[in-house]
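> A structural model of the following input is requested.
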Amino acid sequence: MVTSSTERTDTSSASEEPARVGAQERPDIDVGEHDEERPARRLSRRVELVVWATSVAIALLVLKQVFLPFAKGNQYYLVIFLAVALPLVFLCYRPRGRRVPPGEGAPDRDDPGPLDWAFAAVALLVGLYPVLPLAIGDFGGGYDAFLDRQGLLSTSDIVAGTLLLVLILEATRRTTGLVLPVVCLVFLAYSYYGGYLPPGWNIAHAGVDFSQIVNALYNDQSGFYGVPLDVAATYIVLFTIYGAVLAQSGAGTFFVNLSFALFRRSRTAPGRTAAMSGFLLGTVSGSGTATTVGLGAITWPVLRKAGYPRENAGGLLAASGIGAILSPPTLGAAAFIIAEYLATPYLTVLVWAIVPTLLYYLGIAFAVEADARRFGAKHVDIETQPVLGLLLRGGYHFVSLAIIVVFLALDIPPFTAVVYASGVAALFALVARIVGAAGSGEGLGTALLAWVRSIANALAEGIRGALPVIAVCAAAGVITSTITKTGLGQELAAALVDAARALASNPTVVLMLTVVFAAVAVSVLGLAVPVTASFIIAWVVLGPALADLGVAPPEVAMFIFYYAVLSEVTPPTALASVAAAAITGGAVMRTMWQTWKYTLPAFLVPIAFVLTDNGSALLLQQPLGTTLWVVLVSALGVAALAVLTGGWLFGPARWPERSLCAAAALLLLYLQPLSIAIGVGLFAVAVAVHLLTRSRETVEGQGV
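Numbers count the residues shown, from 1 in each chain. Here you go, the predicted model:
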């Protein structure tokens, strides 16, 4: 049952008897339609059919490239992919404004207008221009001729490249907002007008001619067709298709029901269920905001009946939804870019994410335990099947996830592994549909037709779900190309380190200050641009600064990745929190701060990656003995943070204990023996003060 944002039930007056939630309050979920970043249109049937057919064709093109790649190379494929995907943005996304829910003044249908169709047609033409065999004067001539003109483009090349640039920026604006296109325009202006900057400025350069700018974007692998788009056109699209196949097979409902079945008998069960459901639903969605909405629609009624205040429930939902992007085996889009940038297997990136993910959910678990006691949460009697019965009926949904991990371990490329996993998930869905048809008396032919339709829908949904990422990755080519051509990244990185050195001379303090500056910079950047774009920008600008101070590439990459993701829960523009508040009816800003409370460990643990050599153990890059004690110490640090944010130890924790725990957490996460010893001592003092205070209050209460 989806709770309206206008519903204001007073949970404080609920009965002390355990509330009951039936299965009917947990509808089937489709996490692919609820992303506040995507103001998508409601298309009429005819236009929807055009978009659906085109999306299915693009999905088949992507699958074809996995097994039968184009002989002319990967960039040839990227040209075609962008050319056929970009027009869909203009058909599926309106030029301005966000989608208005039905019944709130929105039209039933919002088809593209003549200008949108014109944009789509021009995008197709200029996107395919590099591969068109038609030659008229200096127009076209085919892919080989286009490459031969690299560095010396013809007039028609420049016109086509300029039009594609404008259309990519407009597509990015429609899907993610105005900020990223403006950032791209600033970089373009810097590239062209760099020669007008004062010669004494380190970032001054000779300036780049406009034709060379277009050449770098249109006929160079560092531009539109660089690593970001390559990742989007392979890994990301295939994983979104996989998620859509899982969703069509009913995996989302199974994961939520399993979470309910596991935790149905305690007062902390509602919070635990939300956290675990968020983790499992992430395999279906891959989007923090979408997972938050799908999760909230199911678990908010339970949290409400348990007595959770609206803002706290919203914070828990947003934190659990964002955890989907941080959690193996599917992670977020930026994780695939990490694998490409570092030329490392994607399985290695998954391994790096294991311990931080465990610490993230450990922090949420501690917060759930504290909240359940602080709010006096009630037992909620949840009607669900036994765990064993659920696993016997739907446990096959885990098989495709296991296939991804096993295939990656066997050194099979991730884009191939996920195709096989999608195929297995589709086959299981077919078997389940045939069995269901036999039980209901439905004909086999009808069941097969329904299965084929569901798989085709999954292919289409996978492509449509990736459209914003495709636009962002193409636009990111503007930034990476500019930085490559002008050397801006190194200059900005040097300026960051110089700012830290202006405040301190000790190398350790310089590293600390640089890390803090970088964390703030990534967080602020993430407030304005999507996760993938903020990671790419931060990697090319801030990555070199940390590398110059001796931080290894894996730690740098994962540090930036986590802060880019966590920007989605950072006030004042935390999209996941906004979505959660819309579901619970809570105040938006208070929901944001509650989300920040739940995710605080995730903000501090990445800093531990980069401050000391022992931090690399959190990425499983140290011997087993070192890894074990580092993980235990970090878990203790997370527990101390939970006391700070949750205000609960063995009872209500007052500010003296909470302040001691804050200092203890910071020292524990600086993974050096002396700081750990002091941190453990402070935590012990906090516990002792808390117990003494409780004992004194108990004695005084009995005396009264």
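> Just list the residues touching residue 607, thanks.
When the contact criterion is C-beta atoms under 8 Å, 6 or more residues apart in numbering, the partners of residue 607 are 515, 516, 519, 559, 669. Every residue, glycine included, has its C-beta placed from N, CA and C.
> What count of nearby residues applies to the second one?
Translated: residue 516. Residue 516 is surrounded by 12 other residues when neighbours are defined as other C-beta atoms under 10 Å.
> Going along the chain, name the helices of the stretch 101-250 of the chain.
114-128, 143-148, 155-176, 179-193, 210-218, 227-231, 237-248 (DSSP state H, counting those that start in this stretch).
> Deepest in the core, which of those is it.
Counting by mean count of other C-beta atoms under 10 Å, helix 237-248 has the highest mean neighbour count of the helices of the stretch 101-250 of the chain, with a mean of 28.
> which other helices and strands contact that helix?
Helices and strands in packing contact with helix 237-248 are listed as helix 45-67, helix 269-285, helix 397-409, helix 414-440, helix 444-486; criterion 3 or more C-beta pairs under 8 Å, 6 or more residues apart in numbering; DSSP states H and E.
> Go through stretch 421-433 and flag the buried ones.
Within stretch 421-433, the residues that qualify as buried by neighbour count (16 or more other C-beta atoms under 10 Å) are 421, 422, 423, 424, 425, 426, 428, 429, 430, 432, 433.
> you'd agree the last one is up against residue 450?
Meaning residue 433. Yes. The pair residue 433 / residue 450 is scored as a contact, 6.4 Å apart, by C-beta atoms under 8 Å.
> nearest residue to residue 437 other than its sequence neighbours?
Nearest in space to residue 437, with sequence neighbours left out and distances taken as C-beta to C-beta, 6 or more residues apart in numbering, is residue 447 at 3.7 Å.
> I figured the one you found hits residue 440, correct?
No. Residue 447 is beyond contact range of residue 440, at 9.2 Å (criterion: C-beta under 8 Å).
> Out of these two, name the residue with the larger neighbour count.
Neighbour totals were compared for residue 447 and residue 440, and residue 447 leads with 19 against 8 (other C-beta under 10 Å).
> and the gap between that one and residue 399?
In this view, residue 447 and residue 399 are 21 Å apart by C-beta to C-beta, to the nearest Å.
> would TSV of the helices of the stretch 101-250 of the chain with distance to residue 533 and mean pLDDT be doable?
Converted to TSV, those look like this (distance: least, C-beta to C-beta, whole Å; pLDDT from 0 to 100):
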stretch	distance to residue 533	mean pLDDT
helix 114-128	20	95
helix 143-148	27	87
helix 155-176	8	92
helix 179-193	5	89
helix 210-218	16	91
helix 227-231	8	86
helix 237-248	17	84
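> For burial, what's the neighbour tally of residue 486?
Counted by other C-beta under 10 Å, the residues lying close to residue 486 total 20.
> What are the neighbouring residues in contact with it?
Residue 486 is in contact with 190, 191, 194, 205, 208, counting by C-beta under 8 Å, 6+ apart.
> Skip the chain neighbours and tell me the closest residue to the third one.
The one in question is residue 194. Here the residue nearest residue 194, using C-beta to C-beta, 6+ apart, is residue 205, at 4.1 Å.
> residue contacts, the one you found?
Contacts for residue 205 (C-beta under 8 Å, 6+ apart) come out as 194, 195, 197, 486, 487.
> so residue 300 makes contact with residue 584?
Yes. Using C-beta under 8 Å as the test, residue 300 is close enough to residue 584 to be in contact (5.7 Å).
> lowest-pLDDT helix or strand in the chain?
Counting by mean pLDDT, DSSP states H and E, the chain has its least confident helix or strand at strand 19-21, which shows a mean of 48.
> I'd like the distance from stretch 189-196 to the chain centre, please.
Taking the mean C-alpha point of stretch 189-196 and that of its whole chain, the gap between them comes to 34 Å (C-alpha atoms, centre = their mean, to the nearest Å).
> ditto for stretch 519-528
With C-alpha atoms, centre = their mean as the basis, the mean position of stretch 519-528 lies at 15 Å from the chain mean.
> Show me the contact partners of it.
Applying C-beta under 8 Å, 6+ apart, the contact partners of stretch 519-528 are 177, 179-180, 183, 496, 534, 537-538, 541-542, 559-560, 563-564, 566-568, 570, 572-573, 603, 606-607.
> and that stretch, C-alpha only, in PDB?
As requested, the backbone C-alpha atoms of stretch 519-528 are provided in PDB (Å, rounded to 0.1, in the frame of the first residue of the first chain):
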ATOM      1  CA  ALA A 519      35.700  15.000   0.300                       C
ATOM      2  CA  VAL A 520      34.000  18.400   0.500                       C
ATOM      3  CA  ALA A 521      34.600  19.100  -3.100                       C
ATOM      4  CA  VAL A 522      33.200  15.700  -4.300                       C
ATOM      5  CA  SER A 523      30.200  16.200  -2.000                       C
ATOM      6  CA  VAL A 524      29.500  19.700  -3.300                       C
ATOM      7  CA  LEU A 525      30.000  18.600  -6.900                       C
ATOM      8  CA  GLY A 526      27.500  15.700  -6.300                       C
ATOM      9  CA  LEU A 527      24.900  18.100  -5.200                       C
ATOM     10  CA  ALA A 528      24.700  19.500  -8.700                       C
END
